[in-house]
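Q: sequence below, structure please.
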Amino acid sequence: MTPESVTAESVTAESVTAELPAPAFRETDSATTVAVLGAGSWGTTFAKVVADAATASGVERSIRLWGRRPEVVDQINALHRNEQYLNGVALPSSITASTDVAEVLAGAELVILAVPAQTLRPQLQAWKKHLTPGAVVVSLMKGLELHTDARMSEVICAELDLPANRVAVVSGPNLAMEIARDEPTASVVACTDPITAGWIARSCTAPYFRPYTTTDVVGVEIGGIVKNVIALAVGICEGKKMGDNTKASVITRGLAETSRLTLALGGEARTMAGLAGLGDLVATCSSPLSRNHTAGRLLGKGLTLDQVTAEMKQTAEGIKSSQAVHELAGKLGVDMPITAAVVAVLAGKLSVDELGPLLLSRDLKPEGDY
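A: This is a model prediction of the structure:
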């Protein structure tokens, strides 16, 4: 049975393997009060998903969205829009927004985190006192923390003093604007406790959003992290006007790199063949809606890193996470040449003109020797 074949409906109490105390939410079939911290494109989109899921299932649900910018919050409350990040998308009236994190978190049994990965730890330290006892926390973030090489679920557990069965990850081919437009997509909810994963999945099953569940948190997170780095490389190739053969080669070998790191960390190889692995990688590397692909393309066209950062409105997580991925791979002795090349380009040690040939200049060996 693959991770994607384990659905919210198929999870039963007998399948629970975690020995930790059960979260308090299990008295309800799905979440009734949801807090989403982060009013960017993905955070706002996921708030919409949760709202639409409630409407589809006939559940009354309160969805509160935290944003740091008053003008964004005011627009969501007054016009049910977030035009800066989701231009032209109407938001359900059940979503309210606030700049007061205490107000947003009050009584929330499901807390969704959608902030930049490198800001997460200090923000959690400030938010911890407002967290409802028994709340379940979900990470939408796809980054690796600099200097610690910690995955976002690890940061959440450490800073909020939460057991693993109350922390989950949502990942997959999740281009925010497509989902916000109600275009069908599938995703993966990962948690060490399958009952928790199922409860979260039921809370975000909308007519256009189909979540599957898995217990492979490591594999799901690593897939979401490394694909951003590979997307930068593919974007650079596109910016240099390299062909589809080149891009397909980088995507495929990028999946091999991701798989090596996943296995070294204890994740499962089959996750890499699913939505959180191959699915997310293909979407991120091929879509103009991908921030990391866009950043790479701009680098390939000759812009400096500072110019790329100034031109983009949103964070391209791969720019900062690539160094952390490279460091983690070095510690584990995992060979990741595409990642190493991207890091060298970002550090100014390698020109974008040298990237393509370098990726194909490795020693000859059988393809399956990952």
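
Q: measure how far the helix ranked longest in the chain is from the centre of its chain, please.
A: Using DSSP state H, we find that the single longest helix of the chain is helix 217-239. From the chain centre to the centre of helix 217-239 is a distance of 11 Å (Cα atoms, centre = their mean, to the nearest Å).

Q: any idea of the mean pLDDT in it?
A: Averaging pLDDT along helix 217-239 gives 96.

Q: could you do stretch 50-65 as well?
A: For stretch 50-65, the mean per-residue pLDDT is 96.

Q: buried stuff in that stretch?
A: Going by neighbour count (16 or more other Cβ atoms under 10 Å), the buried part of stretch 50-65 is 50-54, 61-65. All C-beta atoms are positioned from the backbone trio N, CA, C, and that covers glycine.

Q: for the longest helix of the chain, buried residues please.
A: 217-239.

Q: T44 touches E83, doesn't it?
A: No. Assessed by Cβ atoms under 8 Å, T44 is found out of contact with E83, at 10.6 Å.

Q: please enumerate the helices of the stretch 201-350 of the chain.
A: Applying DSSP state H, counting those that start in this stretch to the stretch 201-350 of the chain gives helices spanning 217-239, 244-264, 269-272, 280-286, 291-300, 305-311, 317-332, 337-346.

Q: out of those, which gets nearest to V89?
A: Using Cβ to Cβ as the measure, helix 291-300 is the one of the helices of the stretch 201-350 of the chain that comes nearest V89, at 17.4 Å.

Q: so for the closest one, mean pLDDT?
A: Mean pLDDT, helix 291-300: 92.

Q: can you check stretch 102-122 too?
A: For stretch 102-122, the mean per-residue pLDDT is 96.

Q: ok, stretch 269-280 next?
A: Stretch 269-280 comes out at a mean pLDDT of 96.

Q: what is the end-to-end distance of that stretch?
A: Length of stretch 269-280, first residue to last, Cα to Cα, to the nearest Å: 15 Å.

Q: how about stretch 57-76?
A: Terminal residues of stretch 57-76 are spaced 24 Å apart (Cα to Cα).

Q: off-centre distance for it?
A: On the basis of Cα atoms, centre = their mean, stretch 57-76 sits 20 Å off its chain's mean C-alpha point.

Q: residues in contact with it: which ones?
A: 29-39, 43-44, 47, 50-51, 53-54, 81-85, 91-92, 94-101, 103-105, 108, 202, 205 (Cβ atoms under 8 Å, 6 or more residues apart in numbering).

Q: now tell me which helix or strand of the protein has the poorest mean pLDDT.
A: Least confident helix or strand of the chain, by mean pLDDT, DSSP states H and E, is helix 352-359 with a mean of 75.

Q: how many other residues sit next to K331?
A: K331: 10 surrounding residues under other Cβ atoms under 10 Å.

Q: for the stretch 51-200 of the chain, which segments are assigned as helices?
A: Going by DSSP H, counting those that start in this stretch, the stretch 51-200 of the chain shows helices at 70-79, 101-105, 120-127, 152-160, 176-180, 194-203.

Q: switch those helices over to a markdown table; also include mean neighbour count and distance to S139.
A: Formatted as a markdown table, the helices of the stretch 51-200 of the chain follow (neighbours: other Cβ atoms under 10 Å; distance: least, Cβ to Cβ, whole Å):
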| stretch | mean neighbour count | distance to S139 |
| --- | --- | --- |
| helix 70-79 | 15 | 21 |
| helix 101-105 | 17 | 16 |
| helix 120-127 | 16 | 8 |
| helix 152-160 | 20 | 4 |
| helix 176-180 | 21 | 15 |
| helix 194-203 | 26 | 11 |
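
Q: that older thread, how about the longest helix of the chain as PDB, C-alpha atoms only?
A: Taking Å, rounded to 0.1, in the frame of the first residue of the first chain, the C-alpha atoms of helix 217-239 are listed here in PDB:
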ATOM      1  CA  VAL A 217       6.700  13.000   7.700                       C
ATOM      2  CA  VAL A 218      10.400  13.000   6.900                       C
ATOM      3  CA  GLY A 219       9.900  12.000   3.200                       C
ATOM      4  CA  VAL A 220       7.100  14.500   2.700                       C
ATOM      5  CA  GLU A 221       9.100  17.300   4.200                       C
ATOM      6  CA  ILE A 222      12.300  16.500   2.300                       C
ATOM      7  CA  GLY A 223      10.400  16.200  -0.900                       C
ATOM      8  CA  GLY A 224       9.000  19.700  -0.400                       C
ATOM      9  CA  ILE A 225      12.300  21.200   0.600                       C
ATOM     10  CA  VAL A 226      14.600  19.800  -2.100                       C
ATOM     11  CA  LYS A 227      12.200  20.400  -5.000                       C
ATOM     12  CA  ASN A 228      12.700  24.100  -4.400                       C
ATOM     13  CA  VAL A 229      16.400  23.800  -5.000                       C
ATOM     14  CA  ILE A 230      15.900  21.700  -8.100                       C
ATOM     15  CA  ALA A 231      13.400  24.200  -9.400                       C
ATOM     16  CA  LEU A 232      16.000  26.900  -9.100                       C
ATOM     17  CA  ALA A 233      18.300  24.800 -11.300                       C
ATOM     18  CA  VAL A 234      15.600  24.100 -13.900                       C
ATOM     19  CA  GLY A 235      14.600  27.800 -13.900                       C
ATOM     20  CA  ILE A 236      18.300  28.700 -14.500                       C
ATOM     21  CA  CYS A 237      18.300  26.300 -17.500                       C
ATOM     22  CA  GLU A 238      15.200  27.900 -18.800                       C
ATOM     23  CA  GLY A 239      16.600  31.400 -18.400                       C
END
